[in-house]
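S.K.: For reference, the sequence and a predicted model appear below.
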Amino acid sequence: MRNREETIAKILHRAGELFNVHGYRATSISHITDATGYTKGAVYRHFKNKDKLEEQTLAYLTLKVYEKLGEQIKREKNAGDKLRAVLRYFESYVTEPPIKGGCPLLNAAIEADDSNPLLRKKAIVILRTLKESICHILDKGIEFRQIKKSVDKNSFATIMIASLEGAIMMSKLARNNEDIRIVIHHLENMIREIEV
């Protein structure tokens, strides 16, 4: 008998690839059973229904993204460089996506907008966490006199995330880095303007 944690991890990993590349609606449980080699019964033994599998898969994908992003941020010594690490990480989504299919938050947000309330709620939590993380970097930067006190942290974080996610979408459509590079250049200028 297989180890429960290994089974769940394999299902989440393979389902994550399928959902992130093909979409949540377009991916059936049959696709997941084909990819994992497990039966529908085995999948449903660990996940109550497809909605729960989608929700937990998005959480799994996001954890993978945040682990890699967190590593890059921790390497930097000051708030400005930590913000620039976020920019570099998001730029990698176009040419070297850390997860096949691109940004799981962007993919889930677009697909779950009106049709999947559970997935939408999970995407909102993930977005809020990302925004709070950027605000935390700004708070620490203000505390250590690396960022100007006058910065509107909420607005800055919103503009940064919206710009990056929009640029990922545009660059993926164009299949080149031109749009993401333009946005990153603009955001780098914004970061310089708020640094002390």
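M.R.: Everything's here; your move.

S.K.: going forward, measure contacts and count neighbours with C-alpha atoms only.
M.R.: Will do.

S.K.: mind listing the strands for this protein?
M.R.: Under the criterion DSSP state E, the chain contains no strands.

S.K.: mind checking which helix or strand of it has the lowest mean pLDDT?
M.R.: Counting by mean pLDDT, DSSP states H and E, the chain has its least confident helix or strand at helix 104-112, which shows a mean of 88.

S.K.: And the contacts of that one?
M.R.: Asn20, Gly23, Tyr24, Leu58, Leu61, Thr62, Leu119, Arg120, Ala123, Ile126, Leu127, Glu165 (C-alpha atoms under 8 Å, 6 or more residues apart in numbering).

S.K.: so what's the last one up against?
M.R.: Contacts for Glu165 were tallied using C-alpha under 8 Å, 6+ apart; they are Leu106.

S.K.: Quickly note the distance from it to Ala109.
M.R.: Distance from Glu165 to Ala109, counting by C-alpha to C-alpha, to the nearest Å: 11 Å.

S.K.: And the first one, by the same measure?
M.R.: The span separating Asn20 from Ala109 equals 11 Å under the rule C-alpha to C-alpha.

S.K.: Show me which of those two is the more surrounded one.
M.R.: The neighbour count for Asn20 versus Ala109, taken as other C-alpha atoms under 10 Å, is higher for Asn20 (24 against 18).

S.K.: pLDDT weak spots in the chain?
M.R.: Low-confidence segments of the chain (pLDDT under 70): 1-2.

S.K.: So for stretch 99-119, what gets flagged as buried?
M.R.: Within stretch 99-119, the residues scored as buried using 16 or more other C-alpha atoms under 10 Å are 99, 101-109, 112, 116, 119.

S.K.: Next: stretch 142-149.
M.R.: Buried residues in stretch 142-149 (16+ other C-alpha under 10 Å): Ile142, Gln146, Ile147, Lys148, Lys149.

S.K.: again, but for stretch 35-44
M.R.: Thr36, Val43.

S.K.: Ok, stretch 83-90 next?
M.R.: For stretch 83-90, burial by neighbour count (16+ other C-alpha under 10 Å) applies to Leu83, Arg84, Ala85, Val86, Leu87, Tyr89, Phe90.

S.K.: again, but for stretch 65-82
M.R.: Using 16+ other C-alpha under 10 Å as the test for burial, stretch 65-82 gives Val65, Leu69, Gly70, Gln72, Ile73, Asn78, Ala79, Gly80, Asp81, Lys82.
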